[in-house]
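Student: sequence and predicted structure below; questions after.
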Amino acid sequence: MLAAGEAAPAQWAGLKFFNVYGPNELHKGSQMSVVPQFRKQILATGVSRLFKSYRDDYPDGGQLRDFVFVDDAVAIMLWLLDNPKVSGLFNAGSGKARSFADMAGAIFSALGREPNIEFVDMPEAIRDRYQYFTEARMERLRAAGYGRRSTSLEQGVGDYVTRYLNAADPYR
């Protein structure tokens, strides 16, 4: 909040990032995106384990998240940098919620494998607080002039897995 009589900066922006995934996140340990976590599980066991649903309106593995490729999040920030007259609070997501089953399927595809998904019980401690749906509303950013389309889940995951996670050096 600005103090009385203070002028607002020439440009300001606040971004809410949704479920960002992509290269150079391995240092985050248990907080890295599900892509490297699921990939590791698939390579070790041949299976991706997803939570069962405890709501009638979502199938097992059908819990939805707005997964956004890191290149898209960076593109939003660079666009704001290139458009100094744009200020505001914006979501940084894909604008399209996708299921965990979709995510697992994209990883299997990038690994050249048929999907093999098992559904496991969700820990009771989180069942009543579990978020079944997140999706970035991108209207405000679009209205400000941002026009780039988001990378599809399949394309982003494919790129991340094949060019980075499967490479001898996943940071290159």
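Tutor: Here it is on my side, so go on.
Student: all contacts plus neighbour counts: C-alpha atoms, from now on.
Tutor: OK.
Student: what ranges do the helices span in the protein?
Tutor: Using DSSP state H, the helices found in the chain span residues 34-45, 70-82, 100-110, 124-127, 139-143, 153-159.
Student: neighbours of the nearest residue to Leu26 once chain neighbours are set aside, just the number please.
Tutor: Nearest residue to Leu26, sequence neighbours excluded (CA to CA, 6 or more residues apart in numbering): Met32, at 6.3 Å. By other CA atoms under 10 Å, the residues close to Met32 number 17.
Student: and the pLDDT for Met32?
Tutor: Listed pLDDT for Met32 reads 95.
Student: of the helices of the chain, which is nearest Phe18?
Tutor: Across those, Phe18 has its closest neighbour in helix 70-82 (9.1 Å, CA to CA).
Student: so how far is the closest one off the chain centroid?
Tutor: 15 Å (CA atoms, centre = their mean, to the nearest Å).
Student: and that helix, average pLDDT?
Tutor: For helix 70-82, the mean pLDDT works out to 98.
Student: in stretch 80-93, what counts as buried?
Tutor: Of the residues in stretch 80-93, 80, 86-87, 90-93 count as buried by neighbour count, 16 or more other CA atoms under 10 Å.
Student: just those now: which is nearest Ser109?
Tutor: Distances from Ser109 to the buried residues of stretch 80-93, taken by CA to CA, are shortest for Gly93, at 22.8 Å.
Student: who's in contact with the closest one?
Tutor: Under the criterion of CA atoms under 8 Å, 6 or more residues apart in numbering, the neighbours of Gly93 are 17-20, 66-68, 72-73, 135-138.
Student: columns distance to Ser150 and neighbour count on top of those residues, output as a markdown table?
Tutor: What follows is these, written out as a markdown table (distance: CA to CA, whole Å; neighbours: other CA atoms under 10 Å):
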| residue | distance to Ser150 | neighbour count |
| --- | --- | --- |
| Phe17 | 14 | 17 |
| Phe18 | 13 | 20 |
| Asn19 | 13 | 19 |
| Val20 | 12 | 20 |
| Asp66 | 11 | 23 |
| Phe67 | 10 | 30 |
| Val68 | 8 | 27 |
| Asp72 | 6 | 21 |
| Ala73 | 9 | 20 |
| Glu135 | 13 | 18 |
| Ala136 | 12 | 21 |
| Arg137 | 13 | 16 |
| Met138 | 11 | 16 |
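Student: now, those residues that are in strands?
Tutor: Those of these mapping onto strands are 17, 19-20, 67-68, per DSSP state E.
Student: may I see the residues you listed organised as TSV, with distance to Gln155 added?
Tutor: Shown next, in TSV, are the ones in strands among the contacts of Gly93 (distance: CA to CA, whole Å):
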residue	distance to Gln155
Phe17	19
Asn19	16
Val20	14
Phe67	12
Val68	11
